[in-house]
Structures are given as structure tokens and as C-alpha cells.
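Asker: Just the structure for this:
(2 chains)
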Amino acid sequence: MALPKYTEPHYRIWHYTYLTICGFVFFFLIAPLFVIFPLSFNAEEFLVFSDGMKRLDPDAFSLRWYHDMVYGTKNPWGLAAKNSFIIAVFATIGSVILGTVAALGLSSRHMPFKGLIMATLISPMIVPLIISGVAIFFFIAKVGLAATHLGIIIAHIILGTPFVVITVTATLSGFDHSVTRAAASLGSNPVNTFMKITLPLILPGVISGALFAFVTSFDEVVVVLFLAGLDNTTIPIQMWTGLREQLSPTILAVATCLIVLSTLILVTAELLRRRSERIRGINR
Amino acid sequence: MSSETQKILTTDGIPLEESLKKAEKKNKIKAFLLVAPLLLFIIITYIFPIGEMFTRSIDDRMVTNMLPKTFKAMETWDGKELPPEEVFAAFLTDYRALAEKKEHGKLGQRLNKEKNGFNTILKKLWRKMKKFEEGNAKEQIMAIHKRFRDVKYWQAIKRTAPPYTMSKYLKGMDMYYNEDGKVVQVSEDRRIHRILWLRTLEVAFFVTVFCFLMGYPIAHLLATLPMKYSNLLMICVLLPFWTSLLVRTASWMILLQQQGIVNDFFVWIGLVADDSRPEMMYNKTGTYVAMTQILLPFMVLPLYSVMKTISPSLMRAGKSLGGTPFVAFWKVYFPLTIPGIGAGCLLVFILAIGYYITPALVGGASGTLISNQIAYHMKATLDWSFASAMGLMLLTGVLVVYWIYNKLVGIDNIKLG
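Answerer: I've put the predicted structure just below:
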């Protein structure tokens, strides 16, 4: 953003001040994530940069905490990772199916009570999580699913569907319904039309909704803390316990892995968003 | 032309209007059937349980169910003097039935909350009543202990008669029913909940303000920079957004600890002495810093999506009409961003008001918020009805915020990207 030559000095000063402020805010946002990275390779047990690390001494760095994360004695991370993935995958599948089908109905112009129904469907997203946690716990406990994977999966479907509903209805808002009518007039049944025409077109929205649902489940700790037993511990629960009791470098190794994972998700989500914007005709 | 308008018919002879209505109805049902599975799912697993929170929070049927005959007999008692013989007799029958089911202890504990010293005299009654003679319950019970001759204890029983109580809500506001059944405040040194409510509001408010102050400039920069730069900078916003909350909290715990990098930096630039490093974690500072960073993307994203739609020519027009850049910004640009500001602030405020994990980890004792208290009662004290009551109070607060927001900005003006 180069300034034109005729800019008066005080605006010039203001402009650079503004850029500096922005620089600080960006630094504030991103820097904390990069602290974890080097410290997870610390050869020592302390969570501060050792003198060796400051001198970039190769002996001060090691993979010891990654080793501990995978092979450590009484290691909770393996089970936690397995549980987290199982729960997140099934919660995502459930959210995507329920959410996409509902979004199809919601974007129909014939839908009665649209506002009220939409508000109900996305309420788990706008009610503070602690309240959702209490309510969902009551339900799961009543049907006897506390401390089971299924119970946690149901809880995460509740929390994940609003994202799917929102992303898919957004994609559908730019959807040209004449293509489905064309398909119908050519003799295609509704299911076939959906699978062959509608779904491929709204897929970016569905997948980004799925990513949201996956991350919501994978990162969720408030509700799981109420629901999980010893066998259903997840990565967030282990991190929570670890952070509460003792901040060990193994947690940083796990955190680094999670940052890598979230980077992958971010890249996927961004690519999808751009594709979906192209389809919706924005940015053209 | 005839005076009657000819009805348009479809090929099969049905009036077109009717036929269209029928098709419309069919479409309506179709659309509704698509939504129905999720709607039912959410209602059963989520909306009903929130309703259950309400019934749980006001439920006080325990004593009502334990002493059915007593309360029936008490209906005619005016509550001013000692109750008549029938009440005593009914109470004795109820209490004997409870003792048989071995539930008399529960009654003692519950009534003891209502009036101190109830548990002792009920235990005494339990020991003595085996030797009671038929009839004349009043005299025999009153003979056991002088408290049975005190009308206040009978009034306490009568107070537990209604199946519903607001006492949990009062407790959430540091109030309770005293012995006369009046609402009074707890003594000043025990008003913990009010402090928590105020602190929650304060934290949510300031975090929202900080997020706004930091988010507005960078959202503006992102929206005005050319694509190739803004995409790169957008990563700075999106990467934290997609990163686990606990990871981000962990990084703040490392940064803010006493031997942490922030303190190292302060010592290095000479702001503080090495031996007097300030405590930045386990207090409100930690909560503010960490929560602001964690919630900032939720402010930036709606602001950005609104600012992206504002044409730069508007600012140019403002300037060309004689406004200084500041006036053009304030009169033209800023009002156009209000929907984004509203959405961002609402989102951040609501997320902040229900925050639990970060304050619990970096907040220490002075950083605990109302959500921590709710979680504590859910998991530690198992006073679920109290947790429900506080949860619903919080929910009411959130709904009020939505309502105010709707009045000020209009809920339809929210843009989430």
C-alpha cells in the first residue's frame, strides 16, 4: 500500500503508525503458536529456552519428547489419539448427513417457519458451551450413554451440525435450481439428481462444513469433560489434565503435532473456500 | 365477455389455483421432511434437556413426596400457632412410612437445611416412636424435645410443601429464604456468586473491547491490501482460528510464566528487575491476554467479510467532496462497517461470557468465572440443580444480549462470512 507522493507528512506518519499497530496485532496473533515449536525439541525438562538452545547448540535439541509421546510408559496419548479420531470421524459423518439434508430443506423457498427452525438448528452454536454441556450431559446420562463413545459422538453431532447447516445453506444460496429441474425433466429421480447434480456442486460447502464439524469434535473439551469415562479419554482431555497438573514438554510435542494438523486443515479449508467462491460467482 | 370471470382449468379439469395450491403444499411437506430428522434430533437431545435443566433447577418435590399426609393435614392449619392433633398424627404416619423405607435420614438432612437442629430431633423421634402408644400423637411428640413445641419448626415443614422452589436461583444471587420465608441476602463475606457474575461480565466486556480495538485495524488492512498480501496475512488470523484451544492456552502458559519469554523480554529491555518478575499468570492479566488472543479471529473474520464488500470508491468520493481522510473514514466508512462490528462483538462477547477452559488454566483463583463455578457444581459437588439454575441465569443473560443487539443493529444484519 504505497502512499501517493502528495500525501501530507502527518498523514504519512499516521499511516506508518497504523501499519505498525497492525504488525503488532498480527505478531500477537501468530507468535504464541511458534513458541511451542522450538520448545518441543528441548533436550531438557524445563519449559524455558535453555542456554544451549539460545546458542543453537545441536545437543540442546532432541526428539526425546516425541519419543516419549509415542513410546512413553503408561502413555495416555495413543489411546487418546485413537479415541479422538474415532469420535471425530463418526461425529463428522453424522453431522454432515443430518446437516446437509436439513440445509437442502431449509434452502427450499417452500420451507415453512424458516426463521424459527433455523434458530433452533443453530442454537447449539450460539448458546454458551457450558450450558450446552450441562444440557447434553442430562440427556446422555438419562439414556444411559455416559462414558461411552456413542454418547460423546452424539454430543459432538449436536455441536457440529450448526456449522454444516450454515456452510451448506450458504453454498446453496448461490445454487441455480434450474439444473435440478432440468435433471428432473430429463427423467432423473430426486435421489439420483441429488447424487449426480446437486452434491457435486455443493461439495465445497459440504466439505468445509465437515472440516468445521471435525475440528469442533476434535478440539472439544467442555462437554467431553462431563461425559467421558476412563476409557473414552481424548486428546483434549489429556491436554487439559496435563496442563492442570504439570506442564510437561510431552504436551508441547503433542501440541506441535496438533498445530501441524490444523495447518493442514487450514490449507484444505482455504482451497475449498476459494473453489466454492468461484462456483458461487464471487470474485469473478 | 360474460360477467363471470372464467376459471382457468388445468387439462384434467381441476381449477389451476387449486392445483397449484396442492403442488405448493406437497413442496412444503417435502422441504419439511428434509429438515425433520435434524430438527427432531436437536429437539430431543438438546432443546428438551435445556427444559429439563429448568425443571431440575426449581424441583423441590422430595419433601412433598415424603410427607404427603402431613401436607394434606396442614392445609387447614393457619401456621400461627402449634398445629392441631391431625397434623401431628399425619406426620407420625408419614415418618413411620419413611423409616420403614429407611429414607427418614434424607428427610432429616433436608429439613435441617430449612431449620437448624431438625436432624437431631428427628433422630430422637425415630428412636422413641417405637414405644409410642396409639393415639394422642401431639402430646407424645411434643414430649420428646422442646423444639417440637416450637411453632417455628412446624412452619419450616410447611415451607417445604410446594413442589417447586426458587431457592437455587436465589443462591445464585447470594440470597436465601430465611426462617420466616422471606428473601434475604447472605452475609457480606459470603457473597461469592455476585463477585463471579460481575467478574464474568467485566472480563467478557473488556475482552470484547480489546478484540475490537485490535481487530478493527487489521480487518481493515486485510480488506484493503491487494489480494496477494492479504492472503498471506490472513493466515495469521486463520491459523490460530483452526488451532486447538488447548494448544493456544498452553502456549500462553509458557509465555506468561515467571521464567517465561515475556518476562525474559521485560527483564532484557530493563522494564523490570530480574528478581522482581511480575506474576502474569494465575490472575486476571493472564485471562485477559490469553482470551483476547484466542477470541480475536472471531472479531476479525466478520469485520473482514463486511469490509470486503465496501467499495473503496466511497472513501475516495468522501475525500473528493472535501472531507479529510479522518472525516471520510468516520462519516462514510465506519457506519458501513457497523453490521460487522455488531456481529464480531456479539460473537466475542457471547463466547467470552461462557468461557471456561482458558480461565480455569491461566486464571487462577481470581480468574475463575461463572462457567467454572457451573462446571464445579456439575463435577465436584454434584449439585446439579444449582448448576442448572446458574446455567439458565447465564442463558437468560445471553438472550438479553441478543435482544439488545437485535434492537440496536438487527439480527438480520449479522454477517458471518
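Asker: near chain A, which residues of the stretch 101-250 of chain B?
Answerer: Neighbours of chain A within the stretch 101-250 of chain B, by CB under 8 Å from any CB of the partner chain: B:214-215, B:217-218, B:221, B:224-225, B:233, B:235-250. C-betas here are computed from N, CA, C, even on glycine.
Asker: If we use 6 Å, what do you get?
Answerer: Within the stretch 101-250 of chain B, the positions adjacent to chain A are B:214, B:217-218, B:221, B:236, B:238-240, B:242-247, B:250 by CB under 6 Å from any CB of the partner chain.
Asker: same question, the stretch 301-417 of chain B
Answerer: B:Gly354, B:Tyr356, B:Ile357, B:Leu361, B:Ser371, B:Ile374, B:Ala387, B:Gly391, B:Leu395.
Asker: if I look at whichever residue of the stretch 51-200 of chain A sits closest to chain B, how far off is B:Phe48?
Answerer: Across the stretch 51-200 of chain A, the shortest distance to chain B (CB to the nearest CB) belongs to A:Pro128, at 2.3 Å. Computed as CB to CB, to the nearest Å, the A:Pro128 to B:Phe48 distance reads 18 Å.
Asker: Comparing those two, which residue is more hemmed in?
Answerer: More crowded of A:Pro128 and B:Phe48, by other CB atoms under 10 Å in any protein chain shown: A:Pro128, with 23 against 15.
Asker: Isn't the more buried one up against B:Gly354?
Answerer: Yes. A:Pro128 lies in contact with B:Gly354 (CB atoms under 6 Å); the separation is 2.3 Å.
Asker: returning to what we had before: enumerate every residue touching the residue of the stretch 51-200 of chain A closest to chain B.
Answerer: B:Gly354 (CB atoms under 6 Å, 6 or more residues apart in numbering or on different chains).
Asker: Now do the phi/psi pair for it.
Answerer: phi -50, psi 140 (degrees, to the nearest 10).
Asker: count of neighbours near A:Ala81?
Answerer: Count around A:Ala81 with other CB under 10 Å applied: 17.
Asker: phi, psi of it?
Answerer: phi -60, psi -40.
Asker: Where do the helices of the stretch 101-250 of chain A begin and end?
Answerer: A:114-126, A:129-142, A:149-173, A:178-185, A:190-193, A:199-219, A:222-227, A:235-245, A:249-280 (DSSP state H, counting those that start in this stretch).
Asker: any weak-confidence spans in the stretch 151-284 of chain A?
Answerer: Confidence mapping of the stretch 151-284 of chain A against pLDDT under 70 gives the ranges A:276-277, A:279-284.
Asker: Which positions in it make contact with chain B?
Answerer: Close to chain B, as judged by CB under 6 Å from any CB, the stretch 151-284 of chain A has residues A:158, A:219, A:221-222, A:236, A:239, A:243, A:255, A:258-259, A:262, A:265-266.
Asker: switch the cut-off to 8 Å
Answerer: A:154, A:157-158, A:161, A:165-166, A:215, A:218-219, A:221-222, A:225-226, A:236, A:239-240, A:243-244, A:247, A:251-252, A:255, A:258-259, A:262-263, A:265-266, A:269-270.
Asker: Show me which of those residues are buried.
Answerer: A:154, A:157-158, A:161, A:165-166, A:215, A:218-219, A:221-222, A:225-226, A:236, A:239-240, A:243, A:247, A:251-252, A:255, A:258-259, A:262-263, A:265-266, A:269-270 (16 or more other CB atoms under 10 Å in any protein chain shown).
Asker: rewinding a little: between A:Pro128 and B:Gly354, which contacts overlap?
Answerer: Residues touching both A:Pro128 and B:Gly354 (CB atoms under 8 Å, 6 or more residues apart in numbering or on different chains): B:Ser371, B:Leu394, B:Val398.
Asker: so what's the first one up against?
Answerer: Yep, that's B:Ser371 we're talking about. So B:Ser371 contacts A:Pro128, A:Ile130, B:Thr200, B:Gly354, B:Tyr355, B:Tyr356, B:Pro359, B:Leu394 (CB under 8 Å, 6+ apart).
Asker: right, and the pair among those residues with maximum separation?
Answerer: Greatest spacing in these, by CB to CB: B:Pro359 and B:Leu394 (14.1 Å).
Asker: what bits of the stretch 51-200 of chain B have low per-residue confidence?
Answerer: Looking along the stretch 51-200 of chain B with the criterion set at pLDDT under 70, you get B:179-180.
Asker: Quick check: the residue of it nearest chain A.
Answerer: B:Glu52 (5.3 Å).
Asker: how far away is the residue nearest to that residue when sequence neighbours are not counted from A:Ala183?
Answerer: Leaving aside its sequence neighbours, B:Glu52 sits nearest to A:Phe138 (CB to CB, 6 or more residues apart in numbering or on different chains; 5.3 Å). Plainly put, A:Phe138 is 45 Å away from A:Ala183 if you go by CB to CB.
Asker: Likewise for B:Gly344?
Answerer: 40 Å.
Asker: And B:Leu107, how close does it get to B:Thr160?
Answerer: 10 Å.
Asker: shared neighbours, these two?
Answerer: B:Val63.
Asker: distance of A:Phe85 from B:Met393?
Answerer: For A:Phe85, the distance to B:Met393 - CB to CB - is 37 Å.
Asker: Let me fix that, I meant to ask about B:Ala73.
Answerer: In terms of CB to CB, B:Ala73 sits 36 Å off from B:Met393.
Asker: What strand or helix carries B:Val63?
Answerer: Taking DSSP states H and E as the criterion, the element that holds B:Val63 is helix B:61-66.
Asker: what element comes up after that helix heading to the C-terminus?
Answerer: Taking DSSP H and E, what comes next after helix B:61-66 is helix B:68-74.
Asker: contacting residues around that following helix?
Answerer: B:Thr64, B:Pro83, B:Glu86, B:Val87, B:Ala89, B:Ala90, B:Phe91, B:Thr93, B:Asp94, B:Ile157, B:Lys158, B:Ala161.
Asker: Recalculate using a threshold of 6 Å.
Answerer: Contacts of helix B:68-74 (CB under 6 Å, 6+ apart): B:Glu86, B:Val87, B:Ala90, B:Phe91, B:Thr93, B:Asp94, B:Lys158, B:Ala161.
Asker: Stretch B:33-52 now?
Answerer: A:Leu98, A:Val101, A:Ala102, A:Leu104, A:Gly105, A:Leu106, A:Leu121, A:Pro124, A:Ala135, A:Phe138, A:Phe139, A:Ile158.
Asker: Now do the same contact list for A:Leu104.
Answerer: B:Leu34.
Asker: repeat for B:Ala387
Answerer: Here B:Ala387 is in contact with A:Val134, B:Ile374, B:His377, B:Met378 (criterion: CB under 6 Å, 6+ apart).
Asker: Using just helix, strand and coil, how would you label the residue nearest to it when sequence neighbours are not counted?
Answerer: Nearest residue to B:Ala387 in three dimensions, chain neighbours excluded: B:His377, at 4.0 Å (CB to CB, 6+ apart). Here B:His377 is recorded as helix under DSSP: H, G, I helix; E, B strand; the rest coil.
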